[in-house]
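>>> test case, fold it:
(one chain, ligands or ions: 1)
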Amino acid sequence: MKGTFPLQQFHKLRTPFYYYDTALLRQTLDTIRTEASRYENYAVHYAVKANANPKLLTIIRESGLGADCVSGGEIRAAVKAGFPAGKIVFAGVGKADWEIELALDYDIFCFNVESVPELEVIEQLAAAKGKTARVAFRINPDVGAHTHANITTGLAENKFGISMQDMDRVIDRCMGMEHVQFIGLHFHIGSQILDMGDFVALCNRINELQDRLEARHIRIGHINVGGGLGIDYGHPNRQPVPDFKTYFATYASRLRLRPGQTLHFELGRSVVGQCGSLISRVLYVKQGVNKQFAILDAGMTDLIRPALYQAVHKIENLSSEAPTETYDVVGPVCESSDVFGKGVTLNGTKRGDFIALRSAGAYGEIMASSYNCRELPKGYTSDEFI
Ligand code: LLP
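The predicted structure follows:
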């Protein structure tokens with residue numbers, strides 16, 4: 001089954017471009033709100049890194065989510081879209097001084113701190129402004145997620161976070177500081193996770209660490225479990241809204257929160273992934289030695305996930321109902337890795353046909369580059385076509 005798209009409207013536009021189905025985005029956000037509100041202590045943040053398109057950010061902010069930012073630029077984008085500073089968290093293994101100062105000036109909710117040297121700089125910069133920064137420590141839980149090696153983050157070998165052995169030492173260091181206030185622990189084990197067992201492993205680890213804190217009579221108000229819930233790239237229409245019910249329930253049943261604690265989530269892909277498609281036109285169909293190529297006007301500069309992670313996005317010919325044939329679907333960029341899919345089954349394809357690369361709402365437009373001096377793709381929402 002193909003997705004439904006306003007093809008008539010597409011004819012007026014220059015390709016390639018991103019197309020966002022805002023009805024699906026709103027449905028996804030409604031589901032998150034409904035499922036999260038079953039638990040009085042859940043706070044959901046949107047991971048801006050997945051897609052910072054201002055039109056999407058506004059819709060997401062309107063739904064009441066907070067924002068998870070990893071750079072000064074993302075903090076600015078979130079504030080511009082109207083996210084209240086009190087709902088912004090700031091993560092990242094290498095925060096520059098100006099980014100920390102910006103976050104202090106906005107008085108954001110919390111810094112997710114990844115090392116002692118970073119903590120020291122935050123203390124210094126906060127002191128200079130006469131402010132106190134709320135901090136959570138990002139602990140590397142050494143839990144492997146069953147996902148692509150490039151997007152696991154919670155293993156001891158990854159650059160992220162503070163090791164569990166160092167946790168007590170870092171907390172002690174923080175207690176002696178005047179301009180930082182230790183309020184919680186932060187975790188993130190990876191992305192595109194579909195096996196709830198991975199989140200259960202994280203819960204078990206957090207339970208152990210909380211026991212350790214309790215033994216030291218240290219109380220914290222906030223646990224942040226990051227993001228990571230995956231989407232169905234193979235069948236974007238089968239369950240376009242991810243199973244937030246099971247995801248939230250997994251944490252509710254496995255994590256032993258202490259009274260008064262808030263549980264924070266930082267969801268990116270699961271919020272925006274399925275609502276976006278990269279729309280492209282076929283430039284040429286070229287006969288190869290033992291195969292045929294469909295050469296698109298979109299390339300790896302517009303959607304880098306297949307080249308970078310061997311990610312598979314469903315490809316559909318929106319203009320054709322002709323009998324199916326097999327194609328290698330490639331872009332125009334001068335790199336042999338500029339391939340969207342090999343041996344892809346498409347309805348008989350010709351020059352000018354519209355091709356959709358589905359499930360591209362997350363880490364698509366935002367990761368686009370202008371390599372080969374190509375123009376960055378524009379993003380349109382379905383609202384604009386009514
Ligand atoms: N929180 C932290 C600390 C993160 O590092 C990430 C993603 C998230 C939350 C959001 O994770 P999500 O819910 O989207 O899985 N470019 C890659 C994905 C990189 C993910 C980086 N961190 C891709 O295209 O698959």
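>>> interface residues of the stretch 201-350 of the chain facing the ligand?
Within the stretch 201-350 of the chain, the positions near the ligand by Cβ under 6 Å from any ligand atom are Gly226, Gly227, Gly228, Leu229, Glu266, Leu267, Gly268, Arg269, Ser270, Arg305, Tyr309. (C-beta placed from N, C-alpha, C; glycine too.)
>>> same thing but at 5 Å, please
Within the stretch 201-350 of the chain, the residues that sit near the ligand (Cβ under 5 Å from any ligand atom) are Gly226, Gly227, Gly228, Glu266, Leu267, Gly268, Arg269, Arg305.
>>> which residues in the stretch 101-250 of the chain form helices?
116-128, 167-175, 196-215, 244-254 (DSSP state H, counting those that start in this stretch).
>>> let's have the residues of the stretch 201-350 of the chain next to the ligand in JSON lines, adding neighbour count.
Below are these laid out as JSON lines (neighbours: other Cβ atoms under 10 Å):
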{"residue": "Gly226", "neighbour count": "27"}
{"residue": "Gly227", "neighbour count": "24"}
{"residue": "Gly228", "neighbour count": "30"}
{"residue": "Glu266", "neighbour count": "29"}
{"residue": "Leu267", "neighbour count": "25"}
{"residue": "Gly268", "neighbour count": "24"}
{"residue": "Arg269", "neighbour count": "25"}
{"residue": "Arg305", "neighbour count": "21"}
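>>> kindly indicate which of those lies nearest Ala50.
Gly268 (3.2 Å; Cβ to Cβ).
>>> check the gap between the residue in the stretch 51-200 of the chain that the ligand sits nearest to and Val44 for me.
When distances are taken as Cβ to the nearest ligand atom, the stretch 51-200 of the chain reaches nearest to the ligand at Ser191, 3.2 Å away. Separation of Ser191 from Val44 (Cβ to Cβ, to the nearest Å) stands at 16 Å.
>>> quick check on Ser71: phi, psi?
Main-chain torsions, Ser71, degrees, to the nearest 10: phi -160, psi 160.
>>> so it makes contact with Gly92?
Yes. Counting by Cβ atoms under 8 Å, Ser71 does reach Gly92; the two are 6.5 Å apart.
>>> which residues do these two both contact?
Glu99 (Cβ atoms under 8 Å, 6 or more residues apart in numbering).
>>> shaky segments in the chain?
Residues of the chain that meet the criterion pLDDT under 70 lie in 145-158.
>>> could you redo the last one with a cut-off of 80?
Within the chain, the ranges that satisfy pLDDT under 80 run 144-159, 386.
>>> with only the CA atoms kept, save the lengthiest strand in it in CSV.
Within the chain, and with DSSP state E defining each element, the longest strand by residue count is strand 276-287. Extracted C-alpha coordinates of strand 276-287, given in CSV (Å, rounded to 0.1, in the frame of the first residue of the first chain):
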residue,chain,number,x,y,z
GLY,A,276,7.9,13.1,6.7
SER,A,277,8.8,11.9,3.1
LEU,A,278,11.4,13.1,0.8
ILE,A,279,9.8,13.8,-2.6
SER,A,280,11.8,13.6,-5.7
ARG,A,281,11.5,13.3,-9.5
VAL,A,282,13.1,10.7,-11.7
LEU,A,283,15.6,12.4,-13.9
TYR,A,284,16.6,9.4,-16.0
VAL,A,285,16.1,5.6,-16.2
LYS,A,286,19.3,4.2,-17.3
GLN,A,287,20.0,0.7,-18.5
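>>> who's in contact with the residue of the chain positioned farthest from its centre?
The centre of the chain is farthest from one residue, Val289, which by Cα atoms, centre = their mean lies 39.7 Å away. Val289 makes contact with no residue, according to Cβ under 8 Å, 6+ apart.
>>> okay, stretch 212-221 in PDB with CA atoms only?
Extracted C-alpha coordinates of stretch 212-221, given in PDB (Å, rounded to 0.1, in the frame of the first residue of the first chain):
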ATOM      1  CA  ARG A 212      23.300   3.300  45.600                       C
ATOM      2  CA  LEU A 213      22.200   6.900  45.900                       C
ATOM      3  CA  GLU A 214      19.700   6.000  48.600                       C
ATOM      4  CA  ALA A 215      22.300   4.200  50.600                       C
ATOM      5  CA  ARG A 216      24.100   7.500  50.700                       C
ATOM      6  CA  HIS A 217      20.900   9.400  51.600                       C
ATOM      7  CA  ILE A 218      21.100  11.400  48.400                       C
ATOM      8  CA  ARG A 219      17.700  12.400  47.000                       C
ATOM      9  CA  ILE A 220      17.000  13.500  43.500                       C
ATOM     10  CA  GLY A 221      13.900  14.800  41.900                       C
END
